[in-house]
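[1] Have a look at this fold, sequence not included:
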């Protein structure tokens, strides 16, 4: 039986995929560059994310029965397919670093400062492998709950921090100039890159092919609505300087929120809601990396490579996050180039190849239909 | 599948066994309720006074009888070259882990504040255990004395100070300075921190010797400390603080007392409601100026002389008197801060930045020099609209001619 | 046994038959062999076999007397056509309602053991099987495990026929099918499958039958046997088959397109497929007004969350994340814990286990003693333990609250499984703090997400999200709103008609057409009908 997920689940996956890192770690990186304009950068990045998503949907639509890797293999032969699979694998391997950073920085630094990092990596490994063994449907359904918890988290945070909101911190806009604001959006673009390449892998499993585009953009739209609140609040409540000072600025805000004087801290409730989103990221990274690995090795079932793939990814995640400096450097440096390079380059390459070898694509489509 | 199951079981076991990392039992924690920071005896050293709650004494017996001492708090002092060092020093003589998450107030001695509190800000915002809503206060007394003074109706002094701030809206004599506000102001390019000031004041009457009047010292909100970057440069008296708070916080209420027109020895008090304060920057050539407009409704809460809100003339007179007094108050504070302390705690830089970002860029670096020279015009407008429950004047019925 | 296997048909000779029966049945005291001479002239002998205690003796006497006197007279005086003697007797003489002529030995033997009388006539290789079932039965009683405030008080009994009748009385629909099966090599337990033919999901009945047929076991003593042998997730702590004592619950499940499995000798009837949220729904929800019903349902959801997580959260907060507890509260907790010698985790485990002990002891003891147990338990745990400084008062409150919450879950089996999964959660939270708690919780959540019950997602309709079924999930919509059956139902999806919102005829005294309100509404209704959204069969596509 072919695994299928509904369009709503696909939307939920997109939202969860970008949310966890975008609200905190990304905002910190952007605040260090543009200060109070982080919300503008977030908006700009969302538009760019929409463009890449459009590209991917365009590409997959030409051959809806296979993902990016399959299409590449169809276009230019097996070895090109393997090459694309390798690139995808590297992409998700690299993505695991920032994803684990988000996970570790949220949970370890704010809740269990004395626990070893290895513990967090192992917990992620365990949960990730367990979930992806059951396939994308389970993760997608979890992501659906994740959307509700994201809404709850947003409401909770607003309750606790709106009273401290100061609009003056957001003004004036474009303090650092338009170009720098656009350039800073690259940090948030990396989050979109992850969602996009993930879409490139799982789109063929989405049930209703006609509304892919609609659902993809609805996902982007909702994702933006959920996320945009954070940079605005972070700048307005914490002040841009404070947001820039912290590695995870959203946790700093959660830590400062209070509902009345009795509930003086409730970041734990918020992190419980946040957990589903970050878990979705972990699982999808593992899943996509496993699928890429499977296609690279030419196996039938990706489940056989789950454990080795998860081990490689976990080792990488551990190595990256062992040193906070390395983690942030990677996050703000290498990861940006890798993710944007792949997320823009790969769909574009396949798109162009598709135009060049249009006939091939069609011929085999016809052949397949004849079968 | 079976093998997977075994592996995952093993993994779970390892996870659980390696657990308990960072586990702290509640009975092994010394809950710090307030902390005082003084200059140490040696050069560049810190003296940290921690006020630790004894839960059994602070809350009374809730479970099995535990050795109660009758002393709800334990105050200890540690010394060290850094704050962290001093806190480490504390743990060498406390039997439990010193736990900072429930710290309610950070008290900083003014001598230390004059030298700079950047280190304090850094320490108290870096640690995940600490709350961002902790109150920060400065005091002319020794922080250690202040921290160990039992105050008010609360058993734990830390809680007492916390409540002082919470319900201090009525008195409006000290700003609500939380560590996150101080941090934001310190990090900010355009504004300067202000920190509430407390002192000890003999206000409590001893039950044993009531005839001697108030002899026992209590913690008292006493104005605000004005900072230039992280150094304390001046102190505002309680009555001057209200004007400062107009610039920084949204005030809910305030009371102004003016002498009666008819009987100057008596007074009329009005409570201010719906206070609006709008600061607008202007540039003329290269000259920067600000206008500040103050609007409020007032309600007569006490009248020492017969007063009726029906009497329009009387009301207008009262309004003028209140306006005059308020304007003087604000002008005094502005003068003091601008000319004497020369530090922009009014967040005027921020206002200007919002309005004229282009011009701000040119003067941002020299703002410290520019600020004392800018012209700030204040206009005050108060309307008396309410007299609470009474309509007629409060007059003796015996007098025939009671009107003034 | 061997004789049955070798020979499956009766002999013509009575003596041979008697030998055969003796060989098969042996000599049990409760097996009665009654020899009668049926036709004096021809000296026709007959033997009647039945099991004492399973039969209604009066019925047997009645039919023997029929046979003896009426039969004798009839055979002598009438001019009946000659033919197979048994058929003649059956058609012309005997008055018993249920009556069969049987050739196979095994069928006759099974019959004797299940409470029918078997009459063997000399000279015939066929025997009479006469329904004389009638044993001591417990009357229809109030269900012990699922009590309601408003709703029918009858519960299932140990007799399968009574049980099916209780359901049949609620659904007088010819489409309600009840099919018979026998399971158990030795017990040969009656198992009935009930469903409504044009509502039930396609393929479900076949799947149920297939799973039941595949059961190879010697005996079924309770429906729990079957439950464990057919469920989808045998290794899971969650129950994926619902068991209930309430006929109204079974009836409503059948009406929602599910299949009920009745098992003889137990009042617990199985319903498949089952969904997690069902276990938190009580029959009361549907019988009381929708607002109260929804409120109590919400309370039960709260009870579920509390009983699952409260202890773990408390342990996690007190031993790892003390900064999250409000200052006022933590001082109170700390003052209670001042002299407690155990770590919080151990204290919690201690209390949880003693609570479980108390519950179990109270359950097993005879009723009057059970009360004594609970009094002693509450005294020991509530008072003495706190006084002695072994546990903190706060922990007692937490554990008691958890216990009460777990009692509020209407389904017994589900309440138990929640109690079970509470322990891993507790241990994880107590050793790894937030990480442990969230990881274990996520693990459980993922596990629950993967579960299926007879092809249906266990957590439906929450996830996969089925918008139409939300009318009966968190809040129960009033009946005039809940018009459709749950998703997956194949035919006849609409269960409540249009414009059922009750309205007195003259609703609006100011309207021009006073008194015509109902008609107007009907016009609206017909318009509504046209634009009514067509409900898709595959609900998952609709999200």
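    Everything's here; your move. Note that this is a predicted model, so its numbers are computed, not measured.
[2] what about chain A, any weak spots by pLDDT?
    Along chain A, the model assigns pLDDT under 70 to residues A:1-2, A:359-371.
[3] helix or strand right after the host helix or strand of residue A:290?
    Per DSSP states H and E, residue A:290 falls inside helix A:267-297. Per DSSP H and E, the first helix or strand lying C-terminal to helix A:267-297 is helix A:306-322.
[4] What residues sit buried inside that following helix?
    The neighbour-count check on helix A:306-322 (16 or more other C-beta atoms under 10 Å in any protein chain shown) flags A:306, A:309, A:310, A:312, A:313, A:314, A:316, A:317, A:318, A:320, A:321 as buried. Any C-beta I mention is one placed from the backbone N, CA and C, and that applies to glycine too.
[5] any idea how far the fourth one is from residue A:285?
    It refers to residue A:312. Using C-beta to C-beta, to the nearest Å, residue A:312 is found at 12 Å from residue A:285.
[6] Next, the contact list for residue B:349, please.
    Contacts for residue B:349 (C-beta atoms under 8 Å, 6 or more residues apart in numbering or on different chains) come out as B:189, B:190, B:191, B:360, B:364, B:367, B:371.
[7] element containing it?
    Assessed by DSSP H and E, residue B:349 sits inside helix B:348-355.
[8] Phi, psi for residue 203 please.
    You didn't pick a chain, so chain A it is. Main-chain dihedrals, residue A:203, degrees, to the nearest 10: phi -50, psi -40.
[9] what does residue C:128 give?
    phi -80, psi 140.
[10] need the residues of chain A near chain B, please.
    With the criterion set to C-beta under 8 Å from any C-beta of the partner chain, chain A comes near chain B through A:109-116, A:119, A:122-123, A:125-126, A:129-130, A:133, A:168, A:171-172, A:175, A:238-239, A:241-242, A:245, A:252, A:255-256, A:258, A:261, A:264-265.
[11] ok so, going back, wait, which of the buried residues of helix A:306-322 is closest to chain B?
    residue A:306 (9.2 Å; C-beta to the nearest C-beta).
[12] Show me which residues of the stretch 401-543 of chain C sit near chain B.
    Proximity of the stretch 401-543 of chain C to chain B, by C-beta under 8 Å from any C-beta, involves residues C:427, C:428, C:431, C:432, C:433, C:436, C:439.
[13] returning to that earlier point: among the residues of chain A next to chain B, the buried ones, what's the PyMOL command?
    In PyMOL syntax, the buried subset of the residues of chain A next to chain B is picked out as below (16+ other C-beta under 10 Å):
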select buried, chain A and resi 110+111+112+115+119+122+123+125+126+129+130+133+168+171+175+238+239+241+242+245+252+255+256+258+264+265
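[14] Just the residues of chain A next to chain B: which are in helices?
    Mapping the residues of chain A next to chain B onto helices (DSSP state H) picks out A:109-110, A:119, A:122-123, A:125-126, A:129-130, A:133, A:241-242, A:245, A:252, A:255-256.
[15] Identify the farthest-apart pair in those.
    Greatest spatial distance in these: A:133 and A:241, 45.4 Å, computed using C-beta to C-beta.
[16] and the residue of the stretch 201-350 of chain B at minimum distance from chain A, what does it touch?
    When scored by C-beta to the nearest C-beta, the stretch 201-350 of chain B has residue B:350 as its residue closest to chain A, at 5.7 Å. Neighbouring residues of residue B:350 by C-beta under 8 Å, 6+ apart: A:168, B:188, B:190, B:191.
[17] And for the residue of chain A at minimum distance from chain C, the neighbour number?
    Nearest residue of chain A to chain C: residue A:8, at 2.7 Å (C-beta to the nearest C-beta). As a burial measure, residue A:8 scores 25 neighbours (other C-beta atoms under 10 Å in any protein chain shown).
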